[in-house]
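Colleague: whatever this is, show me its structure:
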Amino acid sequence: MDKILGKFRACIDKYNMIEENDCIAVGVSGGKDSLVLLCALARLRDFYPKKFTVKAITVDPYFENKPGNYQSIKELCEKINVEYIIRKTSLYNIIFDDRKEPNPCSLCARMRRGIIHNCAKENGCNKIALGHHGDDAIETFLINLFNGGKIGCFSPVTYLSRKDITLIRPMLYLWENEVANACKRENLPIVKSKCPADGVTERQNTKEYITNLEKTYPDIKAKLFGAMERGNVSGFHQ
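Modeller: Have a look, this model is predicted:
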């Protein structure tokens, strides 16, 4: 984890993501991104000059109407001294059984966000850390451009006035392969998603498109991210 903490902290410092006495919730899906984010924040908490606390929240969709097995994440949270909260939901039933959504990802993402926002507030958190890395930012930028014809992305820091909660994305200076390597080095307990739509998404198509571009332009990701910063796209800035 120490290998990524420098870039992790640089992103936090640049965008003033953490203030004194913050209580930060981490949405933990069980994937590599959220697990690395959780552990990096817990590690940073131990020496960062501004004191803050960390809590982990898992939204259990009840895939196939059965509870997920998050015991390994619970044990990890105990090890790193982080409170762990599991919020049981009926997401699977609503999206796949009741509504039979042909394109379920967008609705599921919106519903998950609402649940995490409410759960974070109920548990005394004023911020939510999301596990988006640099690859996610670039993919979102291109999805918005290709599908919507607009220049935009999510922001490094977003204040939600309706919920009175702030979203932060501390891993934006990390590439996906760096996150994956950190997860492997730390032997973090990935919980494989049982979602029927897992991997079959527009984002996956965009990821493959970028991979193909890299064959001709090896540094295309760095150039795209740099262009987003220089253009101050959605609050990114140099």
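Colleague: what sits against the closest residue to Cys108 other than its chain neighbours?
Modeller: Excluding the flanking residues, the one nearest Cys108 by C-beta to C-beta, 6 or more residues apart in numbering is Ile95, at 5.6 Å. From N, CA and C alone the C-beta is placed, and that goes for glycine too. By C-beta atoms under 8 Å, 6 or more residues apart in numbering, the contact set of Ile95 is 101, 104, 107-108, 111.
Colleague: what about Ile95, distance to Val191?
Modeller: Remark: distance between Ile95 and Val191 (C-beta to C-beta, to the nearest Å) = 19 Å.
Colleague: so which elements touch the helix or strand hosting Lys221?
Modeller: Counting by DSSP states H and E, the element that carries Lys221 is helix 220-230. Under the contact definition 3 or more C-beta pairs under 8 Å, 6 or more residues apart in numbering; DSSP states H and E, helix 220-230 sits against helix 134-148, helix 202-216.
Colleague: rerun that using 6 Å as the cut-off
Modeller: Packing partners of helix 220-230 (3 or more C-beta pairs under 6 Å, 6 or more residues apart in numbering; DSSP states H and E): helix 134-148.
Colleague: which neighbours does the helix or strand that comes right after the helix it packs on have in its sheet, and in what orientation?
Modeller: Moving toward the C-terminus from helix 134-148, the next helix or strand (DSSP H and E) is strand 157-160. With DSSP bridges as the test, strand 157-160 is paired with strand 165-168 (antiparallel).
Colleague: off-centre distance for the strand it pairs with?
Modeller: Distance, stretch centre to chain centre, for strand 165-168: 12 Å (C-alpha atoms, centre = their mean, to the nearest Å).
Colleague: what residues sit buried inside the helix or strand just after that strand?
Modeller: Per DSSP H and E, strand 165-168 leads on to helix 176-186 as the next helix or strand towards the C-terminus. Buried residues in helix 176-186, counted by 16 or more other C-beta atoms under 10 Å: 176, 178-179, 181-183.
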